[in-house]
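J.: Have a look; sequence and predicted model below, questions after that.
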Amino acid sequence: MDEACELRTAALTPSRRIRRTPYSERVEAAGVSAYTVYNHMLLPTAFGASVDDDYWHLRSAVQVWDVACQRQVELCGPDALRLAQLLTPRDLSRLRAGRCGYIPVVDAEGFLLNDPLLLRLAADWIWLSIADADLALYALGLAVGLGLDVRVSEADVHPLAVQGPLAEEVVAAVLGDGLRRIAFFAHARLPFQGRPLIVSRSGWSVQGGFEIYLDDAALGGELWDAIWAAGERFDIRAGYPHPAERIEGGLLSYGNDVTAADTPLEAGLERYCDGLDSGAACLGADALRARRAAGVRRRIAGVALDGPPVAGVVPPWPVATGSLPAGKITSAAWSPRLERTVCLAMLAIEACTTGTAVEVTTPSGPRQGYVCDLPFPGAVGERR
């Protein structure tokens, strides 16, 4: 059933099944006011400042995010790369140790199961930094069923993200100037209190930043405090993946914008499916090639809505072009920069042309809008 969960005024009951993180005490001290649950862990989604203030601050300064919920599915052993390649239509043959890669993970029919960041730590050692969907058991099932020489587990690793145009200055002050040499979507080991930590130039924001992969939970408070102290002169704040900023940047949310009912072709991820033409051994490759040959009938697009912010139940919201159904809004947020509600939508391919007029049935009533390019113009904020 395609229906969003709306708690309204109800509280979320605590449980050991919903795990705290090594940074939770610091997050609480910073004034967290709302969480969501992501991979069975707490993910902060609001602090004391207004959502608009958080948006402008992320685009111009620096924020520290507790994203320990980005769990690491660890593949270790001689067949680690082979197993990773079976999961994705992206060709991994040129992804050397020290690099990262965004990968769609698909089943045998080509449908999306996850869209993690893959970190190749060594020839036989890989982390899949997963979105909000269990992936370890699927990977383990393939490894056992195919008799692969690889160990599949969830690594005890807790990412901390530092995002925004001033992130490099802050993290370099803590981990050293070697950080400045890390290329986009690459990683390196940098020392913190004598312990080498994996650090990547990546994050769920288009403003730039880093993710620090802490593998000792006992150091969580100290790592947060060191980042905070280094960032005070840059007006650092506790933050979270901002909905308007990530929609403007065209960053997909698995479980919201795309699900196991969608393929990477419909998600606009064709550039990450180069293995379909290179012969990479992905389980879903034949199915995806057949779907590509038949023609994609729908795909993700940007939509901007006129009028004031939309109040009420979160998407999906129906989309029409003229009198014809065209698809649905999958995510929406008010953009203080564009002064419009910005959306991601899964639309019929005929409706995806930039500038196409649409009508959206929102909880606040019908709204007029138009289809936009992704990312939205001006998605990246001030660079310093």
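T.: Okay, I see it. Numbers count the residues shown, from 1 in each chain.
J.: my read: Val199 touches Leu214, true?
T.: No: here Val199 lies out of contact with Leu214, judged by C-beta atoms under 8 Å, at a distance of 10.0 Å. Placement of C-beta: from N, CA and C, glycine included.
J.: is it fair to say Ala11 lies in a helix?
T.: No: read with DSSP: H, G, I helix; E, B strand; the rest coil, Ala11 is coil and lies in no helix.
J.: What about it, how many residues nearby?
T.: The tally of other residues near Ala11 (other C-beta atoms under 10 Å) stands at 6.
J.: Please report the distance of it from Ala348.
T.: Separation of Ala11 from Ala348 (C-beta to C-beta, to the nearest Å): 39 Å.
J.: Can you pull out the residues in contact with the lengthiest helix in the chain?
T.: Across the chain, the longest stretch assigned as helix under DSSP state H is helix 220-231. Under the criterion C-beta atoms under 8 Å, 6 or more residues apart in numbering, residues 21-23, 25-26, 62, 64, 158, 160, 162, 166, 170-171, 173-174, 192-193, 212, 214, 236 lie in contact with helix 220-231.
J.: Now which of these would you call buried?
T.: Neighbour counting over the contacts of helix 220-231 (16 or more other C-beta atoms under 10 Å) leaves 21-23, 26, 62, 64, 158, 160, 162, 166, 170-171, 173-174, 192, 212, 214, 236 as the buried ones.
J.: which residues does the closest residue to Arg237 other than its chain neighbours contact?
T.: Computed as C-beta to C-beta, 6 or more residues apart in numbering, the closest residue to Arg237 that is not its neighbour in sequence is Gln63, at 5.3 Å. Contact criterion C-beta under 8 Å, 6+ apart gives Asp54, His57, Val162, Gln163, Gly164, Ile236, Arg237, Ala238, Gly239 as the residues in contact with Gln63.
J.: Take the residues you listed and write them to JSON lines, including pLDDT, distance to Val358 and secondary structure.
T.: Output for the contacts of Gln63, formatted as JSON lines (pLDDT from 0 to 100; distance: C-beta to C-beta, whole Å; DSSP: H, G, I helix; E, B strand; the rest coil):
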{"residue": "Asp54", "pLDDT": "96", "distance to Val358": "28", "secondary structure": "helix"}
{"residue": "His57", "pLDDT": "97", "distance to Val358": "31", "secondary structure": "helix"}
{"residue": "Val162", "pLDDT": "98", "distance to Val358": "37", "secondary structure": "strand"}
{"residue": "Gln163", "pLDDT": "98", "distance to Val358": "31", "secondary structure": "strand"}
{"residue": "Gly164", "pLDDT": "98", "distance to Val358": "32", "secondary structure": "coil"}
{"residue": "Ile236", "pLDDT": "98", "distance to Val358": "39", "secondary structure": "coil"}
{"residue": "Arg237", "pLDDT": "97", "distance to Val358": "35", "secondary structure": "strand"}
{"residue": "Ala238", "pLDDT": "98", "distance to Val358": "36", "secondary structure": "strand"}
{"residue": "Gly239", "pLDDT": "97", "distance to Val358": "31", "secondary structure": "strand"}
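J.: how about those residues, which pair is most distant?
T.: Within the contacts of Gln63, Asp54 and Val162 form the most distant pair, 15.1 Å apart (C-beta to C-beta).
J.: Would you enumerate the residues in contact with Val171?
T.: Listed by C-beta under 8 Å, 6+ apart, the contact partners of Val171 are Val162, Leu179, Val199, Phe210, Ile212, Ile227, Ala230.
J.: Confirm it sits in a strand?
T.: No: Val171 sits outside any strand when classified using three-state DSSP, being helix.
J.: pLDDT score assigned to it?
T.: Each residue has a pLDDT score; the one for Val171 is 98.
J.: for Cys5, same thing?
T.: As summarised for this prediction, Cys5 has a pLDDT of 56.
J.: can you check Ala49 too?
T.: According to the model, Ala49 carries a pLDDT of 76.
J.: that older thread, list the buried residues for the longest helix of the chain?
T.: The neighbour-count criterion (16+ other C-beta under 10 Å) identifies Gly220, Leu223, Trp224, Ala226, Ile227, Trp228, Ala230, Gly231 as the buried residues of helix 220-231.
J.: How far off centre is it?
T.: What separates the centre of helix 220-231 from the centre of its chain is 23 Å, taken as C-alpha atoms, centre = their mean, to the nearest Å.
J.: Restrict it to CA atoms and write it as CSV.
T.: Output of helix 220-231 as CSV, limited to C-alpha atoms (Å, rounded to 0.1, in the frame of the first residue of the first chain):
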residue,chain,number,x,y,z
GLY,A,220,31.8,9.2,19.8
GLY,A,221,31.5,12.0,22.4
GLU,A,222,35.1,13.0,22.0
LEU,A,223,34.9,13.1,18.2
TRP,A,224,31.7,15.2,18.3
ASP,A,225,33.3,17.6,20.8
ALA,A,226,36.5,18.0,18.8
ILE,A,227,34.5,18.8,15.6
TRP,A,228,32.3,21.2,17.6
ALA,A,229,35.2,23.0,19.2
ALA,A,230,37.0,23.4,15.8
GLY,A,231,33.7,24.7,14.2
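J.: Kindly provide the whole-number mean pLDDT of that helix.
T.: Averaging pLDDT along helix 220-231 gives 98.
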